[in-house]
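Provide a 3D model corresponding to the input given below.
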Amino acid sequence: MRSGQLARQSGVSTDTLRHYERLGLLPLPQRTPGNYREYPPTSQQRVELIRRALTIGFSLVELKTILAERDKGGAPCRRVRSLLGSKIHDLDQQIRNLVSLRAEMNRLSREWDKRLRRTKPGHVARLLESLPPKARGRIVSGASTLRKKKGL
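Predicted coordinates:
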């Protein structure tokens, strides 16, 4: 099947297919006499497997290693399970950080509401300037940790 058909059936773009090829996640397809990529039928299952693994947090680099081992006849199952365990641990830490961040933001919200009630309309309340240095660090690190993990 050609790249456009594989892309449509797998729910990805042709650019994504080429990216997967460059990374070694998909074997290089045969070429037609007109130089079109011609993928074997198993490519669709491979792309769908990659997409499902990405949704639960596996990286393309991790998948490259896992799939390369599998393609050589190996059984990377224990490594896959270990990676999942690490991802669960990381997720638990992110949740703890987010819960802490939410508590700090709720505390700030209450404090800022009090400050705003004491501030006359049209006057500056200097809310951001009221952030204590510790709170500033916690909020930034909590938010940046989330962005870093999510790739934002």
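
On the three-state scheme, the residue of the chain positioned farthest from its centre is what?
The outermost residue of the chain, judged against the average C-alpha position, is residue 120 (44.2 Å), by CA atoms, centre = their mean. Taking DSSP: H, G, I helix; E, B strand; the rest coil as the rule, one finds residue 120 in the coil state.

Can you say which helix or strand has residue 50 in it?
Assigned by DSSP states H and E, residue 50 falls within helix 42-55.

before we move on, back to that, in contact with the residue farthest from the centre of the chain: list those residues for me.
Counting by CB atoms under 8 Å, 6 or more residues apart in numbering, residue 120 touches no other residue. Using the backbone N, CA and C atoms, a C-beta is placed for each residue, glycine as well.

And it, how close does it get to residue 113?
The gap separating residue 120 from residue 113 is 15 Å, by CB to CB, to the nearest Å.

how far out from the middle of the chain is stretch 65-84?
Relative to the mean C-alpha coordinate of its chain, stretch 65-84 is positioned 20 Å out (CA atoms, centre = their mean, to the nearest Å).

and for that stretch, what are the contacting residues?
24, 25, 27, 46, 50, 56, 58, 62.

where's the dip in pLDDT among these?
Note: of the contacts of stretch 65-84, the lowest pLDDT belongs to residue 27, at 89.

and it, how many neighbours?
Residue 27 is flanked by 15 other residues according to other CB atoms under 10 Å.

Same question for the one 3 residues further on.
As a burial measure, residue 30 scores 10 neighbours (other CB under 10 Å).

sorry, back to before: pick the one among the contacts of stretch 65-84 closest to residue 97.
Distance ranking of these against residue 97, using CB to CB, places residue 56 first at 19.8 Å.

which residues does that closest one contact?
With contact taken as CB under 8 Å, 6+ apart, residue 56 is in contact with 84, 87.
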